[in-house]
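[1] This is the structure alone, sequence omitted:
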């Protein structure tokens, strides 16, 4: 396939700002996850935006013609902020005052060079869960855990930040030539298998960042990609977005690895898990892709002196965090009980001999 690394680069982000159609204001205009619309803090006007599920899902772009088809217009003046602590690169509205990194909380953030070029996404999954509702999902998640310590479910989220994260999705027709064998066994002959497997793969999802500053992001990225809407800058009003660090080509290489693993599993099912797959040679056709922004809430909570990071899916409410439980204590008590039982059994075994020697 054609080399298209420049697709990651050239972007023009100097077009118009988001304006309130009522009063014409530009500062403080924010996307509201509760109404899924744009709200103006000055005149109170709520501007309706295309709702997920009411507009056709954005079609994929052809991989081989990415250079000619790429959209590089964010539709709004943007600035790129780089964190000196964790290296996170976050995109904000040009007029937004940024005080801390949404990933590590560091205040050591600086504007990137003005010539930094940022590719615009084609699609976006809007936030549909407010911060208040995210708190409820978090509380419900802790309540669902086993043997949670007393008071943990009353915890309040701290430093909650909503932001859009970058994802690539890939479609491809995979035609695989394979060779496998089965060694047989007692009174069983060995077999060799070879053939062709044709399979279309839809929406192979690749997280577009290698800067894993938050440990739980990948655990809550089960988005409904059928409820995307075409990218519009209004959805980013007041909400930062992470810049991708995994480019189009690198993302496709990772997608191919996922597809290969799926092919191996399909072959093992085909041969009832009794064969060993020796070789797979796959050709890919009609490869399509999307660059999508998807919503995540990052937060933390404290229990005692320990701070736990939290990640919440801003579309579905899927939540993940570690919880303080009594399980480690029960494990320790179980080990102690087992040792005590072993000691008692050992004593019972040697006690008759000891008594007989008296």
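    Structure received. Quick caveat, the model's predicted, so the values are computed rather than measured.
[2] Please make it C-alpha for all contacts and neighbour counts, starting now.
    Will do.
[3] can you give me phi and psi for residue 47?
    phi -100, psi 130 (degrees, to the nearest 10).
[4] Count the residues that sit near it.
    16 (other CA atoms under 10 Å).
[5] so how far is residue 35 from it?
    Here the distance between residue 47 and residue 35 works out to 10 Å (CA to CA, to the nearest Å).
[6] repeat for residue 87
    In terms of CA to CA, residue 87 sits 34 Å off from residue 35.
[7] domain assignment for the chain?
    5-325, 327-358 (automatic domain parsing).
[8] Pairing partners for the strand of greatest length in the chain, with directions?
    Assignment by DSSP state E gives strand 276-303 as the longest strand of the chain. If you go by DSSP bridges, strand 276-303 pairs up with strand 61-62 (antiparallel), strand 123-124 (parallel), strand 158-182 (antiparallel), strand 306-313 (antiparallel).
[9] buried stuff in that strand?
    276-277, 280, 282, 287-301, 303 (16 or more other CA atoms under 10 Å).
[10] Need the mean per-residue confidence for it.
    Per-region confidence: strand 276-303 scores 91 on mean pLDDT.
[11] Tell me where the stretch 51-200 of the chain has strands.
    Ranges of strands in the stretch 51-200 of the chain, per DSSP state E, counting those that start in this stretch, are 61-62, 78-83, 89-93, 109-111, 123-124, 158-182, 191-207.
[12] now the stretch 251-358 of the chain, which segments are flagged as low pLDDT?
    272-274, 326-330, 350-358 (pLDDT under 70).
[13] and the nearest residue to residue 177 once chain neighbours are set aside, what does it touch?
    Computed as CA to CA, 6 or more residues apart in numbering, the closest residue to residue 177 that is not its neighbour in sequence is residue 196, at 4.6 Å. Neighbouring residues of residue 196 by CA atoms under 8 Å, 6 or more residues apart in numbering: 175, 176, 177, 178.
[14] ok, now how distant is residue 196 from residue 246?
    Taken as CA to CA, the span from residue 196 to residue 246 is 32 Å.
[15] Check residue 165 too.
    Distance, residue 165 to residue 246, using CA to CA: 12 Å.
[16] quick one, what contacts residue 146?
    Residue 146 sits in contact with residue 325, where contact means CA under 8 Å, 6+ apart.
[17] quick one, phi/psi of it?
    The phi/psi pair for residue 146 (degrees, to the nearest 10) is phi -90, psi 130.
[18] Please read off the pLDDT at it from the model.
    For residue 146, pLDDT reads 84.
[19] Next: residue 249.
    86.
[20] neighbours around it, how many?
    Around residue 249 there are 17 residues (other CA under 10 Å).
[21] That one in helix, strand or coil?
    helix (DSSP: H, G, I helix; E, B strand; the rest coil).
[22] Renumber starting at 36 from here on
    Taking 36 as the first residue, the last one we looked at is residue 284.
[23] For residue 250, which residues are in contact?
    So residue 250 contacts residue 344 (CA under 8 Å, 6+ apart).
[24] so it, which of the three states?
    On the basis of three-state DSSP, residue 250 is classed as coil.
[25] separation between it and residue 122?
    Applying CA to CA to residue 250 and residue 122 gives a distance of 15 Å.
[26] Same question for residue 269.
    From residue 269 to residue 122 the distance is 27 Å (CA to CA).
[27] Kindly report the same for residue 284.
    From residue 284 over to residue 122 (counting by CA to CA), the distance is 22 Å.
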